[in-house]
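Participant: using only what follows, build the 3D model:
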Amino acid sequence: MAKHGKRLKKAYENFNRDVTYNISEAVKIVKDAATSKFDETVEIAMNLGVDPKHADQMVRGVVSLPHGTGKALRVAVFAKGDKAKEAEDAGADIVGAEDLAEKIEKGDIDFDRCIATPDMMAVVGKLGKVLGPKGLMPNPKLGTVTMDVTVAINAAKAGQIEFRVEKEGIVHAGIGKASFPQDHLTENISAFVDAIVKARPTGVKGTYLKKASLSSSMGPGVKLDIAQLTG
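Facilitator: Numbers count the residues shown, from 1 in each chain. Below you'll find the model as predicted:
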């Protein structure tokens, strides 16, 4: 803990916490501060002027990051017959039906994305209380309830991420690794911000993007220039 505190204190000495930075500047600061022995995840957090308790102010969607996340995503697919075989051939990590549902009900959730064919939703629907809070419930609007399981699996494996605003109006996501080239991280951030802007709910009045910051797993938060993000 002391080592972490010392590292963080040193990182804060290299920039001004009260200043907002453009994406390129922020990425450089975050990369320089990511000195842990493991490859830290670079994360973006955005404060939005929304109240998710109102249905017309919910911000949710998916975005394909041009350079992926750097994380090996485990994908589970609910399918039977030919579609189950298609899912296996497409690289799904777990494929099943009622048997998979039983495992999930017991708390065995060893995956990061869940996809289902429409005919399996009667089975999957019963898992809402388990998968919902974890953000893993298949949803047709997110492309995770589909007959084209190959496309859905490939998108997930290629770096497509889901986002959903939390109670406090905050949305966050991992957008790459500290080892990524600076331009790759910059382009991933731009893609994520564009997706958030396009997902602006019709019920939102006033300022939509309030604050944003960039950080690595063990590093300091660097404030982003909102005007530059949306300019």
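
Participant: where exactly do the strands run in this structure?
Facilitator: 41-48, 60-64, 75-78, 94-96, 113-116, 160-164, 170-177, 209-216, 222-223 (DSSP state E).

Participant: can you lay out the ones you listed as TSV showing mean neighbour count, mean pLDDT and distance to Lys31?
Facilitator: Using the backbone N, CA and C atoms, a C-beta is placed for each residue, glycine as well. Listed next are the strands of the chain as TSV, based on neighbours: other CB atoms under 10 Å; pLDDT from 0 to 100; distance: least, CB to CB, whole Å:
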stretch	mean neighbour count	mean pLDDT	distance to Lys31
strand 41-48	22	96	8
strand 60-64	17	91	22
strand 75-78	27	97	29
strand 94-96	20	97	34
strand 113-116	26	96	27
strand 160-164	19	89	20
strand 170-177	22	94	10
strand 209-216	20	94	8
strand 222-223	21	94	11
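
Participant: now these in a markdown table, with distance to Lys134?
Facilitator: Formatted as a markdown table, those follow (distance: least, CB to CB, whole Å):
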| stretch | distance to Lys134 |
| --- | --- |
| strand 41-48 | 18 |
| strand 60-64 | 14 |
| strand 75-78 | 12 |
| strand 94-96 | 15 |
| strand 113-116 | 9 |
| strand 160-164 | 11 |
| strand 170-177 | 15 |
| strand 209-216 | 23 |
| strand 222-223 | 29 |
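
Participant: other SSEs contacting the longest helix along the chain?
Facilitator: As assigned by DSSP state H, the longest helix anywhere in the chain is helix 182-198. Contacts defined by 3 or more CB pairs under 8 Å, 6 or more residues apart in numbering; DSSP states H and E place helix 182-198 against helix 23-33, strand 41-48, strand 60-64, strand 160-164, strand 170-177, strand 209-216, helix 226-230.

Participant: touching, Val50 and Ile170? I think so.
Facilitator: No. Contact between Val50 and Ile170 fails when scored by CB atoms under 8 Å: they sit 9.9 Å apart.

Participant: measure the nearest residue to Glu43 once chain neighbours are set aside to Val30 for me?
Facilitator: In space, Glu43 comes closest to Gly174 once its chain neighbours are excluded; the distance is 5.2 Å by CB to CB, 6 or more residues apart in numbering. As judged by CB to CB, to the nearest Å, Gly174 and Val30 stand 12 Å apart.

Participant: please apply the same query to Met46.
Facilitator: For Met46, the distance to Val30 - CB to CB - is 15 Å.

Participant: now do Val165
Facilitator: According to CB to CB, Val165 stands 23 Å off from Val30.

Participant: what's the domain layout of the protein?
Facilitator: For the chain, the structural domains run 16-69+161-230, 75-158, going by automatic domain parsing.

Participant: mind putting those domains into a markdown table with distance to Lys10?
Facilitator: As requested, those are exported to a markdown table (distance: least, CB to CB, whole Å):
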| stretch | distance to Lys10 |
| --- | --- |
| domain 16-69+161-230 | 8 |
| domain 75-158 | 33 |
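
Participant: closest to Lys9 out of the ones you listed?
Facilitator: domain 16-69+161-230 (9.2 Å; CB to CB).

Participant: and the end-to-end length of that closest one?
Facilitator: 22 Å (CA to CA, to the nearest Å).

Participant: centre of the chain to that domain, how far?
Facilitator: 10 Å (CA atoms, centre = their mean, to the nearest Å).
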